[in-house]
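Q: this one's structure only:
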């Protein structure tokens, strides 16, 4: 049985903030983000019979949002979507750990460079680091780390195998740490290495 | 009585992020917990990654503009 209008509205309004947040990170534009949310809600209502399990509403809606974003992009022909056919692995995506670069075991816990780094980290640093990720990594990082979806929900939302979600997330986090490390160095936080792998 | 398989630092670091994400099977999760109780170095790394993750999750916003909320409510009303 399809979801009732009342239940649909209640679910949508409960996750409107998350929906808008993800849309904003996909479009990187406030007005486009609101249009994307509205179009996705419209499509979700039209496709409500495809929601097999009401408990999967969140993943189902993020899937519609992501698909709507992709189709709107294609329609606008801003640029062809560059989704890799294989999981490309470049130097910039090699594992990177800020902790490993900064940690100095002989220092006291309250004065370690990595704690100083975390304390100095600003919201805009995180926003910028996320925005710099390639799209197919950004969406995984946003759904996992910002919105707190489980790997299986992300797999459902992006129509990917869980293993691909896991590997993209690992690479996205490596890339995020790499750009945050560069920010830390610019701020003068003591680091023991360079960004090079 | 079930026993928890001990693990070494190398394995603990390999699965650290999945542990933080609570995505490991129960047995492996328990092994990680046990290791983190006895290994100060891995515990310290886990705390760092956890704090960094929580910075990202703090970006999630539950608030939306009244304009968007009204727009969506009006749209659903017409369904």
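A: Alright, I've got the coordinates. This is a predicted model, so every value here is computed, not measured.
Q: And the contacts of the longest helix seen in chain B?
A: When chain B is scanned for its longest helix (criterion: DSSP state H), the result is helix B:40-57. When contacts are taken as Cβ atoms under 8 Å, 6 or more residues apart in numbering or on different chains, the neighbours of helix B:40-57 outside the stretch itself are A:98-99, A:103, A:105, A:109, A:114-115, A:118, A:121, A:126, A:130, A:141, A:145-146, A:148, A:177, B:9, B:12-13, B:16-17, B:19-20, B:35-37. Glycine gets a C-beta too; all of them are placed from N, C-alpha and C.
Q: So which of those residues belong to helices?
A: The members of the contacts of helix B:40-57 that map onto helices under DSSP H are A:98-99, A:114-115, A:118, A:126, A:130, A:141, A:177, B:9, B:12-13, B:16-17, B:19-20, B:35-37.
Q: For ChimeraX, write a command that selects the buried ones of the residues you listed.
A: The buried residues among these can be selected in ChimeraX (16 or more other Cβ atoms under 10 Å in any protein chain shown) with this line:
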select /A:98,99,114,115,118,126,130,141,177 /B:12,13,16,17,19,20,35,36
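Q: How much space separates the residue nearest in space to the middle of chain B from chain A?
A: Taking Cα atoms, centre = their mean as the criterion, residue B:21 is the residue nearest the geometric centre of chain B, at 2.9 Å. Computed as Cβ to the nearest Cβ, to the nearest Å, the residue B:21 to chain A distance reads 7 Å.
Q: pretty sure that residue contacts residue A:144?
A: Yes: distance between residue B:21 and residue A:144: 7.0 Å, which falls inside the contact criterion (Cβ atoms under 8 Å).
Q: hey, what's in contact with both of these two?
A: With Cβ under 8 Å, 6+ apart as the test, residue B:21 and residue A:144 both reach residue A:151.
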